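K.L.:
mind folding the following:
(one chain, ligands or ions: 1)
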Amino acid sequence: MIWKQDIECMSPAELKSLQSAHLQRLISYIYQNCPVYKEKLDAAGASPDRIQSIDDIKRLPFTTKDDMRDNYPYGLFCCQQEGIGEIHISSGTTGNPTLVGYTKDDLKLWGDVMARVLCCAGAEPGDTVQIAYGYGLFTGGLGFHYGALEMGLRIIPTSSGQTARQLKIMQDFKPRIIACTPSYVLYMAEQAKEMGIDPTKGNWKIGIFGAEPWSESMRQEIEAAWNMLATDVYGLSEIIGPGVAQECQHKDGLHIFSDVFYPEIINPETGEQVPEGEDGELTITTLTKQGIPLLRYRTRDIVSIRHDKCRCGRTSPRISKIKGRTDDMIVVRGINVFPSQIEHVLVGIEGTHPHYQIIVDRQARKMDAVEVLVEVEQRFFSDEIKRLNEIRDQIRKEIQNVLSIGVKVTLVEPKKIPRSEGKAKRIVDKRTL
Ligand SMILES: [Zn+2]
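P.N.:
Here you go, the predicted structure:
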């Protein structure tokens, strides 16, 4: 089943003409409604009269996460505040978080693209979906919720966590679809076995996993553990949340809904588009969003793209799984973590050195775990142990406040963290993807 057959299976010429019409309308709209964008467009020589087709997108300025933070909260809004129906906030680096505002039409769009996601993964009307992505300011839970409502699925909104209860619900209601992060579904399989439950004995058909990078070997592990088809979903809050791209049952790239989220793959250094099939930074223009439309938003995710028709019948282009990042951000349990966030915490704590290291691990199929090594002044090691514990607890609490995830903090003596020439190695990612 294809949710928007007329759009998802359009000929390339029809698609281009639709994208062109959307882009022209978008540029006029934001030029009239957002002074910050108007200034940027004028500076780039991209006033509405110069945008005739989607090919003119190259004239538009890029938008970055910094632009969103610098204009927090309302600078990039293109509608009146009363027009905003829902807001979400994602963790930023230091300073301002990133605000995402949806108008009522944006929420409809979200429901529509998420219904496309569910269908693309293989959902059918009448299916039951257990949504074990977090609900709340994180966009995962509600995004899936709106899509499942739109499609008319039966929803079990468990949100994330409380694993024993999740497993009980699975046994009692036998959902056919689960949506959560890939590391969480593996963790649940492990917990199920410990409780004497066989995860393959459900009614499973499909899993829709995302919000963190994962590999083909993880896919095989999940499919074997649960006896289900494991598919990859891509999205980011700045653009809309989940709902930007989704794998179909052929698992041969993620269909990106390019009629509304126009993708460009660029060389992150030069900003020029790279040839088809080559790796580059995914850049997205939201062609129809009203609240905070984004022009050529630099996702920092490295992917490749292809435009050939898929065996499923969809003509929408396909992006590869995420192959890496252009910055040093890591994604842990769906949360963006930047080293600068840790640094910011440490600056405020007396007696710590600016030397730290973040270690991420995924041992024994547990949830991703974060350990932060922090160098503290030698004197603390000769003081009472109580003082050392106090500092450690303070660092742990403050980091948890900033990141919204628990971390282990280990204090070490000065010069214990390896120094490198050049750029300090702040992150050690031991996760096997
Ligand atoms: Zn396909």
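
K.L.:
now the helices for the protein?
P.N.:
Listed in chain order, the helices of the chain (DSSP state H) span 5-8, 12-33, 35-43, 65-70, 104-121, 139-151, 163-173, 182-194, 216-226, 339-347, 379-382, 385-403.

K.L.:
so which of the ones you listed comes closest to the ion?
P.N.:
Among those, the nearest to the ion by CB to the ion is helix 104-121 (7.2 Å). Just so you know, the C-beta spots here come from the backbone N, C-alpha and C atoms, and that holds for glycine as well.

K.L.:
check whether the closest one contacts the ion.
P.N.:
No: counting by CB under 5 Å from the ion, the ion is not contacted by helix 104-121; separation bottoms out at 7.2 Å.

K.L.:
what average pLDDT does that helix get?
P.N.:
What helix 104-121 shows for mean pLDDT is 98.

K.L.:
tell me which strands and helices that helix is in contact with?
P.N.:
Judged by 3 or more CB pairs under 8 Å, 6 or more residues apart in numbering; DSSP states H and E, helix 104-121 is in contact with strand 84-90, helix 139-151, strand 206-209, strand 229-236, strand 241-247.

K.L.:
which residues of this structure lie near the ion?
P.N.:
Taking CB under 5 Å from the ion as the contact definition, the chain meets the ion at 248, 310, 312, 314.

K.L.:
need those residues in a markdown table (columns: neighbour count and distance to residue 171).
P.N.:
Output for those, formatted as a markdown table (neighbours: other CB atoms under 10 Å; distance: CB to CB, whole Å):
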| residue | neighbour count | distance to residue 171 |
| --- | --- | --- |
| 248 | 23 | 29 |
| 310 | 20 | 35 |
| 312 | 18 | 32 |
| 314 | 22 | 35 |
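
K.L.:
about what we covered before: for the helices of the chain, which one ends up most surrounded?
P.N.:
helix 139-151 (a mean of 24; mean count of other CB atoms under 10 Å).

K.L.:
how long is stretch 193-206 end to end?
P.N.:
20 Å (CA to CA, to the nearest Å).

K.L.:
report the buried residues of it.
P.N.:
Neighbour counts using 16 or more other CB atoms under 10 Å place 197, 199, 202, 204-206 of stretch 193-206 among the buried residues.

K.L.:
one step back: looking at the helices of the chain, which is closest to residue 58?
P.N.:
Evaluated over the helices of the chain, closeness to residue 58 peaks at helix 12-33, with 11.4 Å, by CB to CB.

K.L.:
per-residue pLDDT, residue 421?
P.N.:
Residue 421 is given a pLDDT of 56.

K.L.:
wait, isn't residue 319 in contact with residue 233?
P.N.:
No: the pair residue 319 and residue 233 does not pass the contact test of CB atoms under 8 Å, sitting 11.8 Å apart.

K.L.:
need the buried residues of stretch 193-206 in TSV with pLDDT, can you?
P.N.:
Shown next, in TSV, are these (pLDDT from 0 to 100):
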residue	pLDDT
197	96
199	96
202	92
204	97
205	97
206	98
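
K.L.:
before we move on, back to that, what's the least confident stretch among the helices of the chain?
P.N.:
Looking at these, the bottom one is helix 339-347 with a mean of 81.

K.L.:
what's the angle from that helix to helix 385-403?
P.N.:
Calculated by axes from the mean of the first three to the mean of the last three CA atoms, to 10 degrees, helix 339-347 forms an angle of 140 degrees with helix 385-403.

K.L.:
which helices and strands sit right next to helix 339-347?
P.N.:
Helix 339-347 sits against strand 352-361, helix 385-403, with contacts defined as 3+ CB pairs under 8 Å, 6+ apart.

K.L.:
elements contacting the last one?
P.N.:
Using 3+ CB pairs under 8 Å, 6+ apart, the elements in contact with helix 385-403 are helix 339-347, strand 369-376, helix 379-382, strand 408-412.

K.L.:
contacting residues for residue 104?
P.N.:
Neighbouring residues of residue 104 by CB atoms under 8 Å, 6 or more residues apart in numbering: 83, 85.

K.L.:
what do you get if the cut-off is 7 Å, keeping everything else the same?
P.N.:
residue 85 (CB atoms under 7 Å, 6 or more residues apart in numbering).

K.L.:
quickly note the distance from it to residue 336.
P.N.:
For residue 104, the distance to residue 336 (CB to CB, to the nearest Å) stands at 28 Å.

K.L.:
picking that back up, among the helices of the chain, which is nearest residue 90?
P.N.:
helix 139-151 (7.6 Å).

K.L.:
show residues contacting the closest one.
P.N.:
Residues outside helix 139-151 that contact it (CB under 7 Å, 6+ apart): 88, 107, 110-112, 114-115, 117-119, 123, 125, 129, 131, 133-135, 155, 157, 159, 179, 211, 237, 241-243, 334.

K.L.:
pick out whichever of residue 319 and residue 233 has more residues nearby.
P.N.:
Ranked by neighbour count (other CB atoms under 10 Å), residue 319 and residue 233 place residue 233 first, with 26 against 22.

K.L.:
not counting sequence-adjacent ones, nearest residue to that one?
P.N.:
For residue 233, ignoring the flanking residues on the chain, the nearest one in space by CB to CB, 6 or more residues apart in numbering is residue 210 at 3.9 Å.

K.L.:
hmm, the one you found is touching residue 232, no?
P.N.:
Yes: between residue 210 and residue 232 a contact is recorded at 6.1 Å, counting by CB atoms under 7 Å.

K.L.:
neighbour count for these two, which is higher?
P.N.:
residue 210 (28 against 22).

K.L.:
quick one, what contacts the more buried one?
P.N.:
Contacts for residue 210 (CB under 7 Å, 6+ apart) come out as 232-235, 242.

K.L.:
do you know how far it is from residue 259?
P.N.:
Separation of residue 210 from residue 259 (CB to CB): 21 Å.

K.L.:
next one: residue 136
P.N.:
29 Å.

K.L.:
higher neighbour count, those two?
P.N.:
For residue 136 versus residue 259, neighbours defined as other CB under 10 Å are more numerous around residue 259 (19 against 14).

K.L.:
wait, that one sits on residue 19?
P.N.:
Yes: between residue 259 and residue 19 there is a contact under CB under 7 Å: 6.5 Å.

K.L.:
that older thread, any chance of TSV for the helices and strands packed on helix 339-347, columns distance to residue 174?
P.N.:
Shown next, in TSV, are the helices and strands packed on helix 339-347 (distance: least, CB to CB, whole Å):
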stretch	distance to residue 174
strand 352-361	33
helix 385-403	35
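
K.L.:
which one of those lies closest to residue 32?
P.N.:
Closest approach to residue 32 among the helices and strands packed on helix 339-347 (CB to CB): helix 385-403, 37.6 Å.

K.L.:
can I get the CA coordinates of the closest one in CSV?
P.N.:
Output of helix 385-403 as CSV, limited to C-alpha atoms (Å, rounded to 0.1, in the frame of the first residue of the first chain):
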residue,chain,number,x,y,z
ILE,A,385,37.1,11.0,49.6
LYS,A,386,33.9,12.9,50.5
ARG,A,387,34.9,16.0,48.6
LEU,A,388,35.7,13.9,45.5
ASN,A,389,32.3,12.3,45.7
GLU,A,390,30.6,15.7,46.0
ILE,A,391,32.3,17.0,42.9
ARG,A,392,31.4,13.9,40.9
ASP,A,393,27.8,14.1,42.0
GLN,A,394,27.6,17.8,41.0
ILE,A,395,29.1,17.1,37.6
ARG,A,396,26.8,14.2,37.0
LYS,A,397,23.7,16.2,38.0
GLU,A,398,24.6,19.2,35.9
ILE,A,399,25.3,17.1,32.8
GLN,A,400,22.1,15.2,33.3
ASN,A,401,20.2,18.5,33.4
VAL,A,402,21.8,19.6,30.1
LEU,A,403,21.6,16.4,28.2
